[in-house]
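Undergrad: My questions are about this predicted structure, shown below with the sequence.
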Amino acid sequence: MDRRLRTHSEHVLVIGQDNLLERGVHDCLSGAGYRVDSTADFKNLANTIAEVTPDLAMLDLCSEGEGIDVLAILKQVNERFPSLPVIVFFDESIEHIMLDALKLRILDYLVKPLNQERLLFSLHGSLERARLESENSNYAEQLEAANSELQARLEEIQSDQQAGRLVQKKMQPLSPATIFDYQFEHLVIPANYLSGDFVDYHQVSDNKLVFYLVDVTGHGSSSAFVTVLIKQLSIRSRRHFRMEHHHEVKSAAWMLSWINRNLLEAELDCHSTIFLGVIDKEKRTLNYSYGGHFPQAIFSSPDNTCFLKGRGLPLGLFEGAEYEDHHVELPKDFGITLMSDGVLEIIPEANLSKKEDRLIEIVEEGRRSGGDDLNTIFDALKLDELQDAPDDISVLSIRSLERS
């Protein structure tokens, strides 16, 4: 006998009326280290199984007696104890019922008279198979529970993101909106529920207004949080414009430096690109500064359509970053168009230069048609057909209402 089989201590219940068989099985299994119980009480079999809680049952199909239907009993055991592994014994005299027995849930069957080594191998294999089935069942239940928990968590996150998206939309300015003699319109198409793109425009003094388009790296909650922070910083900046002794804050570059310092102090693991402009209605000038924003802003007038030149480092990356101020005299009839870099990803042209040329063409087409710049861009880029944006897409359009 293989000594490796003498290390088991599982509990086995032998069910049958053959005393000699029962003693032989009992001696064999006990000698191999198994705990063994036996019963011939088929009437109370369910109670016996519930009481002794065996790891495996061995049922003698040859058991006979008044009121004993062994197949019916086997079926009841299957139904009452579906996780209990069963081995059956039979001999040639009952081969006619074996096919019916095999249709029920049994792990193995042995032909009488029993061979002890075959009995032990069958028992060992059946217990191992039952153990694996139990583990798989437990894993399946754990996986189902984990999936249910994950689904609930995803639904919660989705709900939170939807709420966050509503908050983000509430933070955006009205579109269209008129400030002084200029009309502002914007469009933000997020790649996810929450957007890393944000636009804003507001009056900061009796004769000045500020506008910007910011693109925060990444997607989701972290980038959306940065847009909220920048919004709050832009609100705080209004106080500086109203403080006459702070002349330097009336500079677009100063504002970018100030926002950059605040983002660095917040120690957020993302950075932002931005175009920020300040319009002085009395002087009819535009003061603007770039913070790594691309593509460049497009300036249009009856005479020309071109990119506003400039460069600068992204916000939230470099301490002491310096930003350039640029100044443009504004004609009576002008337009300024800002777009996030997500627009470049949906333009089919082959290279960056051609993509930029296409942006200029779109703005020029809008000016020639005399229509709404934002609608022209929307139609030209076929944004209504866009299913899944590869990146956040934002457009901000500023137009003078005073025509030459």
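TA: Sure thing, it's come through. Numbers count the residues shown, from 1 in each chain.

Undergrad: Tell me who's in contact with Cys143.
TA: You called it Cys, but residue 143 is Leu. Counting by Cβ atoms under 8 Å, 6 or more residues apart in numbering, Leu143 makes contact with nothing. Glycine gets a C-beta too; all of them are placed from N, C-alpha and C.

Undergrad: Which strand or helix spans it?
TA: Leu143 is part of helix 116-171, with elements assigned from DSSP states H and E.

Undergrad: for the next helix or strand after that helix, which positions count as buried?
TA: Toward the C-terminus, helix 116-171 is succeeded by strand 177-179 as the next helix or strand (DSSP H and E). Using 16 or more other Cβ atoms under 10 Å as the test for burial, strand 177-179 gives Ile179.

Undergrad: Give me the residues contacting strand 177-179.
TA: 183-185, 201-203, 209, 401.

Undergrad: Same check on stretch 68-81?
TA: So stretch 68-81 is contacted by 42, 45-46, 49, 57, 59, 61, 63, 84, 86, 88, 97, 100-101, 104-106 (Cβ under 8 Å, 6+ apart).

Undergrad: show me where pLDDT drops low in the stretch 51-200 of the chain?
TA: 66, 157-158, 160-168, 192-195 (pLDDT under 70).

Undergrad: Please enumerate the helices of the chain.
TA: Taking DSSP state H to define them, one finds helices in the chain at 19-31, 45-52, 70-80, 95-103, 116-171, 221-242, 252-266, 342-346, 352-369, 373-380.

Undergrad: how about these in CSV, adding distance to Tyr323?
TA: Converted to CSV, the helices of the chain look like this (distance: least, Cβ to Cβ, whole Å):
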stretch, distance to Tyr323
helix 19-31, 85
helix 45-52, 79
helix 70-80, 78
helix 95-103, 81
helix 116-171, 24
helix 221-242, 14
helix 252-266, 4
helix 342-346, 23
helix 352-369, 22
helix 373-380, 27
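
Undergrad: Just give me how far stretch 46-66 sits from the chain centre.
TA: 51 Å (Cα atoms, centre = their mean, to the nearest Å).

Undergrad: Dump the C-alpha coordinates for that stretch into CSV.
TA: Included here for stretch 46-66 are C-alpha records, laid out as CSV according to Å, rounded to 0.1, in the frame of the first residue of the first chain:
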residue,chain,number,x,y,z
ALA,A,46,-30.7,12.9,5.9
ASN,A,47,-30.6,13.5,9.6
THR,A,48,-27.5,11.4,10.0
ILE,A,49,-25.6,13.2,7.3
ALA,A,50,-26.6,16.6,8.8
GLU,A,51,-25.4,15.4,12.2
VAL,A,52,-22.1,13.9,11.3
THR,A,53,-21.3,16.3,8.4
PRO,A,54,-19.0,13.9,6.4
ASP,A,55,-16.5,15.1,3.8
LEU,A,56,-17.6,12.2,1.6
ALA,A,57,-20.3,9.5,1.5
MET,A,58,-20.0,5.9,0.2
LEU,A,59,-23.3,4.4,-0.8
ASP,A,60,-23.8,0.7,-1.4
LEU,A,61,-26.3,0.4,-4.3
CYS,A,62,-26.9,-3.2,-3.5
SER,A,63,-28.7,-2.4,-0.3
GLU,A,64,-32.1,-4.0,-0.2
GLY,A,65,-35.0,-3.9,2.2
GLU,A,66,-38.6,-2.9,2.7
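
Undergrad: Just the buried residues of that stretch, please?
TA: Buried-residue list, stretch 46-66, by 16+ other Cβ under 10 Å: 48-49, 54-63.

Undergrad: In strands, which of those appear?
TA: Judged by DSSP state E, strands contain the following of the buried residues of stretch 46-66: 56-60.

Undergrad: so Ala57 bridges to which residues?
TA: Leu13, Val86 (DSSP bridges).

Undergrad: Now do it against Trp254, distance only.
TA: 85 Å (Cβ to Cβ, to the nearest Å).

Undergrad: now Asp18
TA: When distance is defined by Cβ to Cβ, Asp18 is 100 Å away from Trp254.

Undergrad: Nearest the middle, which residue of this protein would you pick?
TA: Nearest to the mean C-alpha position of the chain, by Cα atoms, centre = their mean, lies Leu154 at 7.1 Å.

Undergrad: for that residue, what are its contacts?
TA: Contacts for Leu154 (Cβ under 8 Å, 6+ apart) come out as none.

Undergrad: Likewise for Leu352?
TA: Taking Cβ under 8 Å, 6+ apart, one finds Leu344 in contact with Leu352.

Undergrad: what's around the nearest residue to Arg261 once chain neighbours are set aside, how many residues?
TA: Nearest residue to Arg261, sequence neighbours excluded (Cβ to Cβ, 6 or more residues apart in numbering): Glu319, at 7.9 Å. Glu319 has 8 neighbours, counted by other Cβ atoms under 10 Å.

Undergrad: Equivalent analysis for the one 4 residues further on, please.
TA: Close neighbours of Tyr323, defined as other Cβ under 10 Å, add up to 24.

Undergrad: How about Arg105?
TA: By other Cβ under 10 Å, 14 other residues sit near Arg105.

Undergrad: and the gap between the closest residue to Ser38 other than its chain neighbours and Ile68?
TA: Leaving out its chain neighbours, the residue that sits closest to Ser38 by Cβ to Cβ, 6+ apart is Val14, at 4.2 Å. Distance from Val14 to Ile68, counting by Cβ to Cβ: 16 Å.

Undergrad: Counting neighbours, go ahead and name the busier of these two.
TA: Under the criterion of other Cβ under 10 Å, the comparison of Val14 against Ile68 puts Val14 first, with 25 against 13.
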